[in-house]
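**Q** have a look at this prediction, sequence included:
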Amino acid sequence: LARSTLHKDLLFLRGVLRAAKEEGWIETLPEFPSLGPHQHNPRPWLEPDEWKTLQKAARARIKEPDQNPRARDQRAELYDFCLFMIHTCARVDECRRVKVSDCVVKTNPKGHYREYLEIRIHGKTGLRKSIGWSGAVTAYKRCVARRNLQPNDLLFSEHHRDGFRELLEAAGLRTDAEGRTRNLKSLRCSALAYRIIRNPRINLKLLALQAGTSVQMLDQFYLRPLSVDIGVEELL
């Protein structure tokens, strides 16, 4: 087991035993071994050029001839799932739980009347309101039209874990430059990084609220792959 996995398991066991002590089920807490300092490893993300490459590969796979309609629809929905994650910063399981009724398309009058998506996200930290960029609007509209979805229907019908692995392999992006394996969770890390790249002065507290996490978690896990280059103007 990796050190990070053992660290998480010990934290869980400590929480369970602490609750048991508070309830009077046990008298004392046992000693736990020390694992030493915990290294926060950044999630392997997709750099902006790699994200463009992935999109190009996804569109090409949708247009491949001699594939059955179901496979084509699955690939089309996978592409929309990727867009939805990148343009909302939501977790994988949060996206899978989104229903049509959770989404409302709105227009920003200050942004040249560009549409955005207001979403009710049911996440591990509870219910929150999230804002999706225009790509989330595109993905939402295509998913609804593709299967003629009703308000109580889930926006995405597939799990897409295996499909995304195949897409990464087709695009030559299964691993990053350091050999770390990417998966669907890499899209959330990428989405948060893109928000910082687009606006290096963004309010991190608002970004954390958008993503259903904390500023500390952003710093420790999601934004560590970013280079100082994005803020070079602030440093000169």
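**A** Here it is on my side, so go on.
**Q** in this structure Gly135 contacts Leu83, no?
**A** Yes - counting by CB atoms under 8 Å, Gly135 does reach Leu83; the two are 4.4 Å apart. Any C-beta I mention is one placed from the backbone N, CA and C, and that applies to glycine too.
**Q** so for the two, which residue has more residues nearby?
**A** When neighbours are counted by other CB atoms under 10 Å, Leu83 comes out ahead of the other of Gly135 and Leu83, with 24 against 19.
**Q** which residues are in contact with Ser186?
**A** Contacts for Ser186 were tallied using CB atoms under 8 Å, 6 or more residues apart in numbering; they are Arg43, Pro44, Trp45, Leu46.
**Q** quick one: name whatever helix or strand follows the host helix or strand of Asp162.
**A** Using DSSP states H and E, Asp162 falls within helix 161-171. Downstream of helix 161-171, the first helix or strand assigned by DSSP H and E is helix 185-198.
**Q** with only the CA atoms kept, save the next helix or strand after that following helix in CSV.
**A** As assigned by DSSP H and E, the chain's next helix or strand after helix 185-198 is helix 204-211. This file holds the C-alpha atoms of helix 204-211, laid out as CSV (Å, rounded to 0.1, in the frame of the first residue of the first chain):
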residue,chain,number,x,y,z
LEU,A,204,-9.4,31.3,-4.1
LYS,A,205,-12.1,31.2,-1.4
LEU,A,206,-14.8,31.6,-4.1
LEU,A,207,-13.0,29.0,-6.3
ALA,A,208,-13.0,26.6,-3.3
LEU,A,209,-16.7,27.2,-2.7
GLN,A,210,-17.4,26.6,-6.4
ALA,A,211,-15.5,23.2,-6.2
